[in-house]
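> Make a model of this:
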Amino acid sequence: TATDPALTALAQGWCALSLLHGRIEAHIERALQSGHDLSVREYSLLDVLRRQHDGEGGHLQMKQVADAVVLSHSATTRLVTRLEDRGLLSRYLCPTDRRGIYTDVTEAGLKLLEEARPTNDTALRNALDEAAKNPELAPLVRA
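Reported below is the predicted structural model:
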């Protein structure tokens, strides 16, 4: 069967992108776990929630949080619960709509996030530098 060269190139590009993402995530995961007992998803969730603010449109709905950390709604809820159990997040009812629940990063969560940020940034840089040595991944790293 003849293969469409455009589809082959597209598939190869997707494979390279997927490989790059996997390598970066694994590298950051090891660094965050060993240095701060955080997963990449936990770090991402803390970071997303730290960026929200009080006032109009300031708090994120759970769907927005799930989209930001690329998890399903139920997986995000489980992740929030785990971090809440560790004292890194807190939940409370929306003062104007009792159906809404807000999630905020606690002082302990902010402290851990700030301690972990240099680890995350260094691991990201190291993973990208390593990937840049691979001829298939180098164009993606540059992009």
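> Strands of this structure, residue ranges please.
For the chain, applying DSSP state E gives strands covering 89-93, 101-105.
> nearest to residue 73, of these?
Nearest to residue 73 among the strands of the chain is strand 101-105 (12.7 Å), distances taken as C-beta to C-beta. All C-beta spots, glycine's among them, are computed from the backbone N, C-alpha and C.
> Can you name the residues that contact the residue nearest the centre of the chain?
Centroid-nearest residue in the chain, with C-alpha atoms, centre = their mean: residue 44, separated by 3.4 Å. Residues counted as contacts of residue 44 (C-beta atoms under 8 Å, 6 or more residues apart in numbering) are 68-69.
> Name the stretch among the strands of the chain that sits most buried.
Among those, strand 101-105 has the highest mean neighbour count (mean count of other C-beta atoms under 10 Å), at a mean of 18.
> one step back: per-residue confidence for the residue nearest to the centre of the chain?
Residue 44 carries a pLDDT value of 95.
> Just give me the neighbour total for residue 43.
By the measure other C-beta atoms under 10 Å, the count of residues near residue 43 is 21.
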